[in-house]
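Participant: Kindly return the folded structure for what I paste below:
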Amino acid sequence: MERERLGSRIGFILLSAGCAIGIGNVWKFPYITGQYGGAIFVLIYLLFLVILGIPVMTMEFSVGRAAQKSPVHMYQQLEKKGTKWHIHGLAAFLGNFILMMCYTTIAGWMLQYFFNTARGLYVGMDAAQVGESFGHMLADPVSMTIFMAVVVIAGFAINSIGLQKGLERITKYMMGSLIVLILVLAANSIFLKGSGEGLKFYLLPNTQKIKEAGILNVIVAAMNQAFFTLSLGIGSMAIFGSYLDKNHSLMGESVNVAALDTFVALCSGLIIFPACSAYGVQVDSGPRLIFITLPNIFNHLPLGRLWGSLFFMFMFFAAFSTVLAVFEVLTACTCDLTGWSRKKACVVDCIAVLIASMPCVLGFNVLSGFHPLKAGNTIMDLEDFLVSNILLPLGSLVFVLFCTRKNGWGWNNFTKEANTGTGIQVKPWIRWYCTYVLPIVIIGVFIIGMVQYFS
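Facilitator: Numbers count the residues shown, from 1 in each chain. Below you'll find the model as predicted:
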């Protein structure tokens, strides 16, 4: 069966960026930027994005495009006889599956909050009542299951239509809408009365914040954000590389994807910080910021119901773009492993993801007494830990070693594929860095992440 292709270069960039742009990026990036010194943190982050994220992404794209297979079979096309690199293909498939076991629930939260905001549920509530509303949502397994199921079924329904007619077409519309929404929301926040302090907090270098956090912690935070923001290491980027033509070099495409991902992350801060400053609200991290602080702010905004609805529509698009991209990885892997048609693979994967997502949903209510790994953890925390702290960094290390070692694919094969087409080329002088320094940096990210998690 002839392999499907993406219809356009912009489709490839938007799909890859849609996979990278996620909820954690949108709500975490603004908070840690403010926490770790504003503009100085952003500059350090961009440096690590260039020296860490872009090289690994280029390698993952290259392996995918050269192999023309999904992650479960891509190594078999390129590895030397007798080697075991292909084991990582199965780990990548597992990583994408585990990611969707928790991510579909988060996407369901965004969808539920969009509907609740649009119908005015939070109008007239004070901060305590908005907080109670979030708690009630987590305590209700039925509503969470319904919204999670809508996300899963809709996602696989779109993917079942086909690569170009389903996934690529919907992602183009959704990512285009996401960019428009984020610009409109950012402009609205920036021009609020009293927004100036929030902009200063977010964008101006703050040496006092750096002293409080410690320069080493700032560097580590920037390095971690640059690494994890692009969703590298589990084959999500490789699959879109396998659908790409050879007209453009892959380092140039990696720069485009990273730039779009960073643009959305930066703009999300322009929505959150000016609005919080304008209404004297303390910025919190994680779910509290999105689900408690911001709905309270929208209650005080002129046309707040409209702006709140648009914000949660934006957040849902950010989440759903990742869901669609990862569902494509699962579908492609299932097709390669079984020989099934796209539609049959989507039906089976849909049922599997629905069942596998239930522990995460129930972890906030029926199974709330179960705390894996450490006190206070939920099942979602466990699933996120397995992907973010183990599979992403170690998977990225495998891609780097495979592309630089003689017993892998090798540097010459990698650069030949990466440099095919017009655009930014992988230069010979980068070889020493990618072969010796980059693996050490990734191992450092892995060790630091594990220490910080359990300390």
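Participant: State the pLDDT value of L15.
Facilitator: L15 carries a pLDDT score of 91 in this model.
Participant: and it, what helix or strand is that in?
Facilitator: When elements are assigned from DSSP states H and E, L15 belongs to helix 9-20.
Participant: buried ones in the helix or strand following that helix?
Facilitator: Sequence-wise, the next helix or strand downstream of helix 9-20 (DSSP H and E) is helix 23-35. Going by neighbour count (16 or more other C-beta atoms under 10 Å), the buried part of helix 23-35 is 23-35. Every C-beta, even on glycine, is put in place using the N, C-alpha and C of the backbone.
Participant: Over to stretch 253-271?
Facilitator: 253-258, 260-262, 264-271.
Participant: For the stretch 1-150 of the chain, which segments count as helices?
Facilitator: Here the stretch 1-150 of the chain has its helices, by DSSP state H, counting those that start in this stretch, at 9-20, 23-35, 39-48, 54-67, 71-78, 87-118, 127-139, 141-161.
Participant: Most tightly packed of those?
Facilitator: Across the helices of the stretch 1-150 of the chain, the average number of neighbours (mean count of other C-beta atoms under 10 Å) peaks for helix 54-67, which reaches a mean of 27.
Participant: and that one, average pLDDT?
Facilitator: 97.
Participant: got it, and stretch 98-110?
Facilitator: 96.
Participant: How about residues contacting it?
Facilitator: If you take C-beta atoms under 8 Å, 6 or more residues apart in numbering as the criterion, stretch 98-110 is touched by 22-23, 137, 144, 147-152, 155, 234, 291, 312, 315-316, 318-320, 322-323, 326-327, 330, 353, 356-357, 359-361, 379-380, 383-384, 386-387, 391.
Participant: Which members of those residues are classed as buried?
Facilitator: Buried by 16+ other C-beta under 10 Å: 22-23, 137, 144, 147-149, 151-152, 155, 234, 291, 312, 315-316, 318-320, 322-323, 326-327, 330, 353, 356-357, 359-361, 379-380, 383-384, 386-387, 391, out of the contacts of stretch 98-110.
Participant: Keep only those of those residues that are in helices.
Facilitator: Cross-referencing the buried ones among the contacts of stretch 98-110 against helices under DSSP state H gives 23, 137, 144, 147-149, 151-152, 155, 312, 315-316, 318-320, 322-323, 326-327, 330, 353, 356-357, 359-361, 379-380, 383-384.
Participant: returning to what we had before: with distance to L244 as added columns, please give the helices of the stretch 1-150 of the chain in CSV.
Facilitator: Shown next, in CSV, are the helices of the stretch 1-150 of the chain (distance: least, C-beta to C-beta, whole Å):
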stretch, distance to L244
helix 9-20, 5
helix 23-35, 23
helix 39-48, 25
helix 54-67, 5
helix 71-78, 13
helix 87-118, 18
helix 127-139, 40
helix 141-161, 18
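Participant: Was I right to think F298 contacts T117?
Facilitator: Yes - assessed by C-beta atoms under 8 Å, F298 is found in contact with T117 at 7.1 Å.
Participant: Check T83 and give its pLDDT.
Facilitator: 96.
Participant: Just give me the neighbour total for it.
Facilitator: Applying other C-beta atoms under 10 Å, we find 14 residues neighbouring T83.
Participant: Beyond the host helix or strand of V184, next helix or strand please.
Facilitator: Secondary structure assigned from DSSP H and E places V184 in helix 169-190. Sequence order places helix 196-203 as the next helix or strand after helix 169-190, per DSSP H and E.
Participant: For that following helix, enumerate the helices and strands it packs against.
Facilitator: Judged by 3 or more C-beta pairs under 8 Å, 6 or more residues apart in numbering; DSSP states H and E, the packing partners of helix 196-203 are helix 23-35, helix 250-278.
Participant: Using TSV, lay out these together with distance to S133 and mean pLDDT.
Facilitator: Output for these, formatted as TSV (distance: least, C-beta to C-beta, whole Å; pLDDT from 0 to 100):
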stretch	distance to S133	mean pLDDT
helix 23-35	18	79
helix 250-278	19	91
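Participant: Dump these to a markdown table, plus distance to E60.
Facilitator: Below are the helices and strands packed on helix 196-203 laid out as a markdown table (distance: least, C-beta to C-beta, whole Å):
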| stretch | distance to E60 |
| --- | --- |
| helix 23-35 | 18 |
| helix 250-278 | 9 |
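Participant: So which of the ones you listed is nearest F48?
Facilitator: helix 250-278 (11.0 Å; C-beta to C-beta).
Participant: Report the angle between the helix or strand N217 falls within and helix 9-20.
Facilitator: Applying DSSP H and E as the criterion places N217 in helix 215-228. Orientation check (axes from the mean of the first three to the mean of the last three C-alpha atoms, to 10 degrees): helix 215-228 against helix 9-20 gives 130 degrees.
Participant: Tell me the buried residues in stretch 244-253?
Facilitator: Within stretch 244-253, the residues scored as buried using 16+ other C-beta under 10 Å are L244, H248, S249, L250, M251, G252, E253.
Participant: Oh, that last question was meant for stretch 188-198, not what I typed.
Facilitator: Applying 16+ other C-beta under 10 Å to stretch 188-198 flags N188, S189, I190, L192, S195, G198 as buried.
Participant: ok, back up a step: now the angle between helix 169-190 and the helix holding L15, please.
Facilitator: Going by the same axes, to 10 degrees, helix 9-20 makes 60 degrees with helix 169-190.
Participant: can you list contacts of helix 9-20?
Facilitator: By C-beta under 8 Å, 6+ apart, helix 9-20 touches 6, 164, 167-168, 171-172, 174-176, 229-231, 236-237, 240, 243-244, 247-248, 253, 256-258, 260-261, 264, 321-322, 324-326, 328.
Participant: packing partners for the helix holding V184?
Facilitator: Taking 3+ C-beta pairs under 8 Å, 6+ apart as the contact cut, helix 169-190 packs with helix 9-20, helix 250-278, helix 304-338.
Participant: of those helices, which approaches G410 most closely?
Facilitator: Nearest to G410 among the helices and strands packed on helix 169-190 is helix 250-278; the distance by C-beta to C-beta comes to 16.2 Å.
Participant: Cool, thanks, signing off.
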